[in-house]
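[1] Pasting the sequence and the predicted model now:
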There are 2 protein chains.
Amino acid sequence: MLRKVDKHSGIPAYLQIMNQIKSEILLGNLRAESQLPTVRELETIFDVNVNTILKALDKLKSEGILSSEQGIGYFVVRDASIDPEITDEVKSLVRSLKSKGVDLYTSLLLIEEVWKNEKL
Amino acid sequence: MLRKVDKHSGIPAYLQIMNQIKSEILLGNLRAESQLPTVRELETIFDVNVNTILKALDKLKSEGILSSEQGIGYFVVRDASIDPEITDEVKSLVRSLKSKGVDLYTSLLLIEEVWKNEKL
DNA sequence: TATAGTGTTCTATTTATATATAACACTATT
DNA sequence: AATAGTGTTATATATAAATAGAACACTATA
């Protein structure tokens, strides 16, 4: 599921990489103890330099999401997959947004804005 | 509704500014012909340099979202507020996510991921 | 003990982002 | 004509992000 980084989005590559890995964990595609691809494979997958990979992985380590062992690899620290019930609700909204012709980018903006304005 | 830019998010300031302005248009707070605050006011509002403001506004002009007249100001080209029905659906999901303790950042990742994986 | 496969560090260079500061140009009003 | 309020352009500087390329360090295994 890991995709090449979008070099024209304006979003720093290392952030895109962090986000993709976090997403895989959220979706349960990467669980506790899972070993990530090697840094050199990640270089190819994301199509960026090793140093950029390392920057992303280092930050995920700082956040306690990944661990690493020299000579061995990078690992997911803990399972953090999201409740499928929640995913279902999201799927339903996404279908609705798509059917109304709203694009992803607009949807994300809208959700962020509603989130920040909703006084709950 | 325009907020100070978050200088520690990693997201370039000019992008945050573009997004905030787009959001105001989406929410209908800025409609066709609306004049934006002056660039020097925007400098204060977003707490960045004029050049950063100009970069954001220039890009929004390129996207056809804003127009400008020298000596006068910046204007919203066309109304693009989102259907309130859609906003309501989003509100409902946001409430649900919040009640389940999911944070904004995780929600956005999840939505983006579901969006890209949903084969409709 | 040698080697292949890992992660890690370092230096140099380039490009993008952001700031500070100043001056210039156009518009409307006095 | 002058002025105040707009947008605009320019130069210099600083910091962050990304690349390239090489070397180093640890682990497991042949």
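    Done, it's in.
[2] Could you give the separation of the top helix by length along chain A from the chain centroid?
    Counting by DSSP state H, the longest helix found in chain A is helix A:84-99. Distance of helix A:84-99 from its chain centroid, counting by C-alpha atoms, centre = their mean, to the nearest Å, is 18 Å.
[3] just checking, what packs against that helix?
    Under the contact definition 3 or more C-beta pairs under 8 Å, 6 or more residues apart in numbering or on different chains; DSSP states H and E, helix A:84-99 sits against helix B:84-99, helix B:104-117. (C-beta placed from N, C-alpha, C; glycine too.)
[4] A:Ser81 reaches A:Leu26, doesn't it?
    Yes - at 6.4 Å, A:Ser81 and A:Leu26 qualify as touching, with contact defined as C-beta atoms under 8 Å.
[5] Report the separation between the residue lying closest to A:Ser107 once chain neighbours are set aside and DNA strand D.
    Closest residue to A:Ser107 apart from its sequence neighbours, by C-beta to C-beta, 6 or more residues apart in numbering or on different chains: A:Leu97 at 5.0 Å. As judged by C-beta to the nearest atom of the strand, to the nearest Å, A:Leu97 and DNA strand D stand 28 Å apart.
[6] ok, how many other residues are close to A:Leu97?
    A total of 22 residues lie near A:Leu97 under the criterion other C-beta atoms under 10 Å in any protein chain shown.
[7] Next up, the contacts around it.
    A:107, B:86, B:89 (C-beta atoms under 8 Å, 6 or more residues apart in numbering or on different chains).
[8] mind listing the helices for chain A?
    Under DSSP H, chain A gives helices at A:13-26, A:39-46, A:50-62, A:84-99, A:104-117.
[9] Does the third one reach DNA strand D?
    Same thing as helix A:50-62. Yes - residues of helix A:50-62 contacting DNA strand D under C-beta under 7 Å from any atom of the strand: A:50-52, A:55.
[10] Of the residues you listed, which qualify as buried by neighbour count?
    A:52, A:55 (16 or more other C-beta atoms under 10 Å in any protein chain shown).
[11] hmm, which two among the residues of helix A:50-62 next to DNA strand D are most spread apart?
    A:Val50 and A:Lys55 (9.7 Å; C-beta to C-beta).
[12] Output the helices of chain A as JSON lines; include the columns mean pLDDT.
    Listed next are the helices of chain A as JSON lines, based on pLDDT from 0 to 100:
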{"stretch": "helix A:13-26", "mean pLDDT": "98"}
{"stretch": "helix A:39-46", "mean pLDDT": "98"}
{"stretch": "helix A:50-62", "mean pLDDT": "98"}
{"stretch": "helix A:84-99", "mean pLDDT": "95"}
{"stretch": "helix A:104-117", "mean pLDDT": "95"}
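[13] need the contact list for A:Ile111.
    Contact analysis of A:Ile111 by C-beta under 8 Å, 6+ apart lists B:90, B:93-94, B:107-108, B:111.
[14] Out of those residues, which comes closest to A:Met1?
    B:Ile111 (15.4 Å).
[15] residues of the longest helix of chain A that come out buried?
    Buried positions in helix A:84-99, judged by neighbour count with 16+ other C-beta under 10 Å: A:86-87, A:89-91, A:93-94, A:97.
[16] Present the helices and strands packed on helix A:84-99 as TSV; the columns should include distance to DNA strand C.
    Below are the helices and strands packed on helix A:84-99 laid out as TSV (distance: least, C-beta to the nearest atom of the strand, whole Å):
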stretch	distance to DNA strand C
helix B:84-99	27
helix B:104-117	19
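[17] Quick one, which of the ones you listed gets closest to B:Gly10.
    Closest to B:Gly10 of the helices and strands packed on helix A:84-99 is helix B:104-117 (C-beta to C-beta; 11.8 Å).
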